[in-house]
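Novice: predicted model, plus sequence, below.
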Amino acid sequence: MPAHSHPYPLVDRLIETFAEWLKHRREVVEMCQFDSAEFGRIAHDLGVTASDLDELVRQGPHKVEELPELLKVLGIDEAAITRAQPLVMRDLERVCALCRHKAECDHDIADGSLAEHYQAYCANKVTLDALEKDFHVSPDTVRH
């Protein structure tokens, strides 16, 4: 068996998950060491409120995983938005990260009904409707 193979994928995944949790925990501890003025300046530099930044850091890096899926099923070119409208993309990510409807969204992703149901709960709906006009990808280039 080659030395680089992974004979225990479950163990590898558990180790990776623990490492991600530990890294996130360190980030939260580091964030708590800032005084409120410094934290406010950082939030301002990032274009978010201090309370939003606090929430985003506490939630961790995986809180916007649904957004690329939604853009894909709507046929919206994520890379083009990032290039042409980086502040709009950042706002989409912020709104997605702070969303209180993750369970609904994840369910709709899992059963393939996201495009049909997201309008009922997605706080990014109005922005996405506007982006569809300018950043729509032709159906033959959308990868599912």
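Specialist: Perfect, thanks for sending it.
Novice: next, count neighbours for the residue nearest to Tyr121 when sequence neighbours are not counted.
Specialist: Sequence neighbours aside, His101 is the residue nearest to Tyr121 in space, at 4.1 Å (criterion: C-beta to C-beta, 6 or more residues apart in numbering). Every residue, glycine included, has its C-beta placed from N, CA and C. When neighbours are counted by other C-beta atoms under 10 Å, His101 registers 16.
Novice: also the one 4 residues further on?
Specialist: Using other C-beta under 10 Å, the number of residues around Cys105 comes to 21.
Novice: check which residues of stretch 108-115 are buried.
Specialist: Asp108, Ile109, Leu114 (16 or more other C-beta atoms under 10 Å).
Novice: actually stretch 48-60, not the one I wrote
Specialist: Result for stretch 48-60 [16+ other C-beta under 10 Å]: buried residues Val48, Ala50, Asp52, Leu53, Asp54, Leu56, Val57.
Novice: is it true that the third one lies in a helix?
Specialist: Looking back up the chat, that one is Asp52. Yes: assessed by DSSP: H, G, I helix; E, B strand; the rest coil, Asp52 belongs to a helix.
Novice: and it, what is it in contact with?
Specialist: Ala43, Arg94, Leu98 (C-beta atoms under 8 Å, 6 or more residues apart in numbering).
Novice: among the residues you listed, which ones are in helices?
Specialist: Using DSSP state H, the members of the contacts of Asp52 that fall within helices are Ala43, Arg94.
Novice: Gln119 is in contact with the residue nearest to Tyr121, correct?
Specialist: No: counting by C-beta atoms under 8 Å, His101 stays clear of Gln119, with 11.6 Å between them.
Novice: contacting residues around the residue nearest the centre of the chain?
Specialist: What sits nearest the mean C-alpha location of the chain, by C-alpha atoms, centre = their mean, is Val64, with 1.3 Å. Residues counted as contacts of Val64 (C-beta under 8 Å, 6+ apart) are Glu93, Cys96, Ala97.
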